[in-house]
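1. the following comprises the amino acid sequence and a computationally predicted model.
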Amino acid sequence: MTTTTSHSSDSEGVPDGGTATARPGRLIQNEVTTEIPVHLLFRDEPPTVSVPIRPTVVARRQGTGEQPRVRRPVQPEQRPVPEMDPDLAERPARVLPGAAGVLAGACGAVGCLATSWWSGALPPLAVEALRLPASAGAGLGPVQWAAYTGAGALGLFGLGGLARGRTGRAWVLGLFGRYRGTVRRTGLLWVNPLLLRRRVDVRLRHWRSEPMPAADGTGVELRVVVLVVWRVKDTARAMLGVEDHETYLRECVESALARVPVEMPSASRGAVEAASDALTRLVVRDAGAVGLEVFSVRPVRMEYAPEVAAAMHRRRIAALDAQHRAAVLTSVVDSVEDTVTRLTVRGLVELDDYERKALVKDLTVAFCMGRGEPGV
């Protein structure tokens, strides 16, 4: 027998003399939807694009045949760290050895002395002590005053530029508000005395903060003391790119603590290390823009805030008490089970269900009383 099935249009009647044709039912339809083939609804092949973010499924509307809609969660925009002026970068300043300044100062002093002898202003005792010939005594005229001015300026310029460079210290030099370079050299140096000098410490530094506000993974408020290991890497950006780089570093640490949950050491050792690594990455990213190099940001002391410390202490005591009671109860049950099993397996007693329950009850009470837990 052969059954013929034809797909015809949605007509209400059947032609006379014809054969009634079987009409497939629509899969999903109503007055506002159309047919959807099955092969489009259920596909065997895996999706070609994997979405790392878990989508949110919105419930379908009843009676419409609408498939569940997928709403993609909106990711927070990653704001880049503001870049500093590219011209504001550390570069070495031009300085001379200290011997040049000493030589210039000595030349200025000798010039002043010679001008005084030339003009006759040098005292006779000084002339005799220095074994100088008798002066002609030309007097202080314009030429002598010009010689005084030149020699004095040379001496002051030479001696006024002498500076001593120290290991772990640097100078940031500026002239009329413009950056002129950084001096990291050590020893006796000569620096232009017209330049403004700003001393900066470039050694490796350890900063232990005061208690700062933070929170754990459940939102409980904490007070955290952190140890920051850092140093100034770019002196130009640290001194000129921000008003106070130490205050800026402190604010970076506070901002990182507000974004990273910090767990108590008793909770998990790995959680504390993960929080330290996350704090270090955030502070390195924020402080690097102003020339600061941060090596580690690690919590060294954590405690609950005063307003929640008492409640958390009671909660911890209750958790420890519950854990102790659970351990005692487990030990008692194991002891009772072992006693009853040995009595019955060795054939010392024959117990029915009622006698077994009574024995278990008596042994449990006896073991609990012996362990000092009458309330278990």
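-> Thanks, I have it. Residues are numbered from 1 along each chain as shown.
2. CA only for contacts and neighbour counts going forward, please
-> Noted.
3. near Val224, how many other residues are there?
-> The number of residues packed near Val224 is 23, by other C-alpha atoms under 10 Å.
4. next, it: secondary structure please.
-> Under DSSP: H, G, I helix; E, B strand; the rest coil, Val224 falls in the strand class.
5. below-threshold pLDDT in this protein: ranges please.
-> 1-86, 134-138, 266-267, 309, 312, 371-376 (pLDDT under 70).
6. which stretches of it form helices?
-> 38-41, 98-119, 124-130, 142-160, 235-240, 245-259, 269-287, 306-345, 353-370 (DSSP state H).
7. closest one to Val225 among these?
-> Ranking the helices of the chain by proximity to Val225 (C-alpha to C-alpha) places helix 245-259 first, at 10.5 Å.
8. which residues does the residue nearest to Gly187 when sequence neighbours are not counted contact?
-> Sequence neighbours aside, Gly165 is the residue nearest to Gly187 in space, at 4.9 Å (criterion: C-alpha to C-alpha, 6 or more residues apart in numbering). With contact taken as C-alpha atoms under 8 Å, 6 or more residues apart in numbering, Gly165 is in contact with Arg184, Arg185, Thr186, Gly187, Leu188, Leu189.
9. cool, and Arg198?
-> Contacts here follow C-alpha under 8 Å, 6+ apart; on that basis Arg198 touches Trp171, Val172, Leu173.
10. nearest to Val283, of these?
-> Taking the contacts of Arg198 together and measuring to Val283 by C-alpha to C-alpha, the closest member is Val172, at 24.6 Å.
11. right, and that closest one touches Arg199 too?
-> Yes: counting by C-alpha atoms under 8 Å, Arg199 is a contact partner of Val172 at 6.4 Å.
12. which one of those two has more residues nearby?
-> Val172 (25 against 14).
13. sorry, back to before: could you measure from the residue nearest to Gly187 over to Val102?
-> Applying C-alpha to C-alpha, to the nearest Å, the value for Gly165 to Val102 is 16 Å.
14. what's the closest of the helices of the chain to Phe295?
-> Across those, closest to Phe295 is helix 269-287 (C-alpha to C-alpha), at 7.3 Å.
15. quick one: residues contacting the nearest residue to Gly160 once chain neighbours are set aside.
-> Spatial nearest neighbour of Gly160, excluding adjacent residues (C-alpha to C-alpha, 6+ apart): Pro193 at 5.9 Å. When contacts are counted by C-alpha under 8 Å, 6+ apart, Pro193 touches Phe157, Gly160, Gly161.
16. with neighbour count and distance to Leu279 as extra columns, can I get those in CSV?
-> Rendered in CSV, the data for the contacts of Pro193 read as follows (neighbours: other C-alpha atoms under 10 Å; distance: C-alpha to C-alpha, whole Å):
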residue, neighbour count, distance to Leu279
Phe157, 20, 50
Gly160, 17, 46
Gly161, 21, 44
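17. of all these, which comes closest to Leu140?
-> Relative to Leu140, the closest of those is Phe157; by C-alpha to C-alpha it sits at 23.6 Å.
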